[in-house]
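Participant: Build me a model from this:
(2 chains)
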Amino acid sequence: MTFLAPALLAALPLAALPVIIHLIHLYRRRQVKWAAMMFLLAAQRMNKGLSRLRQILILALRVLAVAAILFVMTRPLAGGWLGIMGGAPDTVMILLDRSASMEQQNTATGVSKRVAGLRNLAKAINDAVGTRSRLVLIDSALGKPQPIEKADALLDLPQTEATETEADIPALLQGALDYITTNKTGRTDVWLLSDLQRSDWDAASGRWETLRGAFATLQGVRFHLLCYPQPAQDDLGVSVDRVTRRETSDKAELLLDLRVTRHADHPQPIETPLRFAVDGTTTTIKAALKENQLVMQAYAIPIDKATKRGWGRVELPADAYPANNVFYFVFDDPPPLRSVIVSDDEAQSGPLKAALSAAADPARKYEATVFTSSHAAEIPWDDAALIVWQAPIPKADDVLARQLLAFAAAGRTLLFLPPDTPDNAEIFGLRWSGWEEGAGGKPQPVEWWRNDDDLLANTRDGAALPMGALEVSRRCGIAGEGVPLARVAGRGTLLTRSTAAPGGNVYFLGTLPGPGASSLARDGVVMFALLHRALNEGARTLGKAQQRFASASALGSDAARWQPVDKKGDAVASGSLPLRAGIVTSGDQIIALNRPPGEDQPETLSTTDLNGLFAGLDFRVLTDNLEDGRALTSEVWRTFLIAMALALVGEALLCMPPRREIAPREKKNGAPEELAPETADTAA
Amino acid sequence: MADAKRSFLEPAVLARLLPLPLHARHAMLGSVSGKHRSPVRGSSLEFAQYRKYVPGDDTRRLDWRTWGRSDRFYIKEFEADTNLRLCLLIDTSGSMAFGPAGATRFDYARKLAATLAYLAAKQGDAVGLWSLAKSAVEIPAKRGAAHLGIVLDQMAGIEPVGRATLLESLHDAAEKIRQRALVVILSDLFVPPAELKSAIQHLRFRKHDVVAFHLLDQNELDFDFDQPARFIDMEGGDPVLADPSLIARNYRRAVREYLAELDEVVRATGMDYHRVKMHERYDDVLVRFLLGRTPKRSAQ
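Facilitator: Numbers count the residues shown, from 1 in each chain, chains lettered A, B, ... in the order given. Reported below is the predicted structural model:
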């Protein structure tokens, strides 16, 4: 807490005046000779605890009142939360969560969590440190440290504008750590503004431990976590899972798989208007939600037969969280699903080719090409959605290795199968560690697999893949860091996903489909599902019409060539274009950008989680909500005046003498009433 | 009586009260004949009872009329009248000095006691004096004007000081007053009622007719103070700092509970209890007391 007139704090001992006056009074009380001491002592015994407490309370309230007056005279700054801020640090770092969920608004004022937080933060920094500290901003969308001149500019910067991206809070903190260590920022206050959305914080990530350890070694770094965890009440969100154009002889239509979700503790059936806009034509229907979710499969929207490609959006009425009220989609003739198998073993490539050539979706065209390892350079990198690599891993400096990295970075899928003679070459943080035979030559069953997500997830109707029936006779060990998706008995990893692949989907399968290695080809179902899921994942970035999630890299390295087609508001700078939801085009390519699905999840971190994540660090959690319009710092003399007034009122109430008892009535003969019985007897 | 030392005897009050006799409620064992009922049958004119003749009885006391009607011998008995012993037990502890100078509780008690002593002596009864304190004055009950003078002189010389020894003194008096007497206690009775009960029962066990004048100041009941004060114990105990605004309610509650318990003691012991507030005129109190003790037949 800071004071505009700190010299007056020297008068603070005057707060003890009531105690001193009380003591003086104590020794100056008049003396009364008293006979009925037994009643006096009994009354004091009855009154002892309460009386002492009351006396202490009265004294405390008087001291409080005097102290409050003195504080008012010193004109204290801050209070509220920022009372805890000490002197000005050398550097103030502002880490801003710009995820879509930060756009949740107070419906009365239209102020979002991001804006409210930035306003409070700007005022707090202005009041508390002014221009004495160096200010640095790192936002979650761009992740680049940006020095700023003054806190007032926070709301005007493009780096603090709204986005529909997701945030990676550990990466944000890593950025702050890198900046602090690189620039030797001295005493640093790190302000992190976030809504604590669990999906953004990735609390289970191992990165937190590393961050904690690194920050713990730094001296003078304090964290102030300014949180807005309040969820949006009765928020409705819409998302489109799949868009398919279907044409028959007499009509054409779009088939939408969409989902309307609601976050209500006690959901009541409601009807909400759902507005579809396709190529400028709008249709509104009423969607009835009985529970918290409504899934509409293959909802048909008629379109012109001549419209082969285009875009549209689905909208919900405005509510407290506008970012999830609209979802953009594009449609086009789907590109052929091309897959490439690199293998020198026909016994393995045969079943793979058969599975990948088979059409899972009759509306699409499937192509699978087999290349030997010596002809790998001929792979059509731009057209392929999936490469199944059953050949030695190329060395890191090899051209093929770089091509594979670029292929994965483009969002395509790579599935590595073990070669006959694995070596130590590593790619995407993973490598083969050598073939292992099952114990006693017996095939090993699959002991565990991840059935909630990824390649081996349950089917749409909830049925599990028959992984339990799979037999693995030979397994090649997988070394390196990855997310296991399936294990055989003995905890040996059968399928893993690389965590080092930048944006792509890179998998290592530790067995082969052919005879002698596993029953994948013989049983077929698991292999078919696995390969086609991998193919569909890789095909998301294929074609001229694509669905992507808003992020800094959503439009590639050259965002300037993209133009928005659905200009609903102010012109969006090209740097912000990939961060906002909408439709963008470049030449004949069209992309629908939407918020990532994690932004629809309302779960937030608890205080316990937060304490765990920052354990061992100097941090404070400041929780605010949108309904609270208080600034972080201000002159808080009013608070002290109110405290003083309350203290005085409390003191007056406590000092108020108890209601007097009614004096005994006098009887006609002059004797008080309480003597009446005896008097009556005597008179009789 | 004109003596300044005996200023507690007021002639006007004595003149007003002399026509009212002092009666004992229970039978007394006196040494001479007097106005009070005796447990021994005597030769007064007041019929007591019939009883069967037994050999050895004086045949002169046979009731021939009853023999004539019932053919059985009955002896006709009459009451015996005797004098009483009035024992005045005055509390002389420090708390009796409560009140303004010249109108303390002790002054009030002394006026009551002296007037009663005078009235008793005038009707031929014996008068004794006990002070309920450590430095005890003990004057056994005797008849005669000279003895009354001794009692009054002693009464004039007593000063209320020191701690209360009311209970011990009452037990002591119960042991020392051997014959039935009218025991009059004049005190503030600031002792636990349960303990007082045992002392009164001791007196009642010795067949004494017990009268208590409970002398209280209205302020002691009301605790009517508006400023915190240091209360000095008049019997020498530790002073107490108290804020009446905080404790007055509980003080009055303690007084109410004490008086209620005292009423229970009165009921249990059958003593003749008079709660006296010191703003009352003492002669009015004595009038009520004397009239209350007058037998009904006399009243008629």
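Participant: What residue in the stretch 201-350 of chain A comes nearest to chain B?
Facilitator: Nearest residue of the stretch 201-350 of chain A to chain B: A:Gln230, at 46.8 Å (CB to the nearest CB). (Glycine included, C-beta is placed from N, CA and C.)
Participant: Who are the contact partners of A:Glu481?
Facilitator: A:429-430, A:498-500 (CB atoms under 8 Å, 6 or more residues apart in numbering or on different chains).
Participant: Let me fix that, I meant to ask about B:Thr92.
Facilitator: Applying CB under 8 Å, 6+ apart, the residues contacting B:Thr92 are B:106, B:131-133, B:137, B:158-162.
Participant: now, which of those residues lie within helices?
Facilitator: B:Phe106 (DSSP state H).
Participant: Dump the contacts of B:Thr92 to CSV, plus distance to B:Val210.
Facilitator: Formatted as CSV, the contacts of B:Thr92 follow (distance: CB to CB, whole Å):
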residue, distance to B:Val210
B:Phe106, 21
B:Ser131, 17
B:Leu132, 13
B:Ala133, 19
B:Val137, 20
B:Ile158, 21
B:Glu159, 26
B:Pro160, 22
B:Val161, 26
B:Gly162, 24
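Participant: sorry, back to before: out of the contacts of A:Glu481, which sit inside strands?
Facilitator: Members of these lying in strands (criterion: DSSP state E): A:430, A:498.
Participant: Run through the contacts of A:Glu481 and flag the ones next to chain B.
Facilitator: With CB under 8 Å from any CB of the partner chain as the criterion, the contacts of A:Glu481 include none near chain B.
Participant: Just the buried subset of the contacts of A:Glu481, written out for ChimeraX, thanks.
Facilitator: Applied in ChimeraX, the following selects the buried portion of the contacts of A:Glu481 according to 16 or more other CB atoms under 10 Å in any protein chain shown:
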select /A:430,498
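Participant: When you compare pLDDT across the contacts of A:Glu481, which one is lowest?
Facilitator: Lowest-confidence member of the contacts of A:Glu481: A:Ala500, scoring 78 (pLDDT).
Participant: What distance do you get for that one to chain B?
Facilitator: Plainly put, A:Ala500 is 76 Å away from chain B if you go by CB to the nearest CB, to the nearest Å.
Participant: just checking, that residue touches A:Arg431?
Facilitator: No - applying CB atoms under 8 Å, one finds A:Ala500 not in contact with A:Arg431, separated by 11.6 Å.
Participant: any idea how far the residue nearest to B:Arg206 when sequence neighbours are not counted is from A:Glu651?
Facilitator: Closest residue to B:Arg206 apart from its sequence neighbours, by CB to CB, 6 or more residues apart in numbering or on different chains: B:Ala174 at 5.3 Å. To A:Glu651, B:Ala174 is 55 Å away according to CB to CB, to the nearest Å.
Participant: measure stretch A:598-608 end to end?
Facilitator: Terminal residues of stretch A:598-608 are spaced 21 Å apart (CA to CA, to the nearest Å).
Participant: where's that stretch relative to the chain centroid, distance-wise?
Facilitator: 6 Å (CA atoms, centre = their mean, to the nearest Å).
Participant: same thing with stretch A:526-533?
Facilitator: With CA atoms, centre = their mean, you get 32 Å for stretch A:526-533.
Participant: what's the answer for stretch A:422-433, then?
Facilitator: Using CA atoms, centre = their mean, the offset of stretch A:422-433 from its chain centre is 34 Å.
Participant: Kindly report the same for stretch B:262-282.
Facilitator: 11 Å.
Participant: okay, A:Leu225: pLDDT?
Facilitator: So A:Leu225 comes in at 88 (pLDDT).
Participant: what sits against residue 242?
Facilitator: The chain I'm using is chain A. So A:Arg242 contacts A:255-257 (CB under 8 Å, 6+ apart).
Participant: not quite, I wanted chain B
Facilitator: So B:Ala242 contacts A:40, A:43-44, B:228-229, B:231 (CB under 8 Å, 6+ apart).
Participant: Before I go, just wanted to say thanks for your time.
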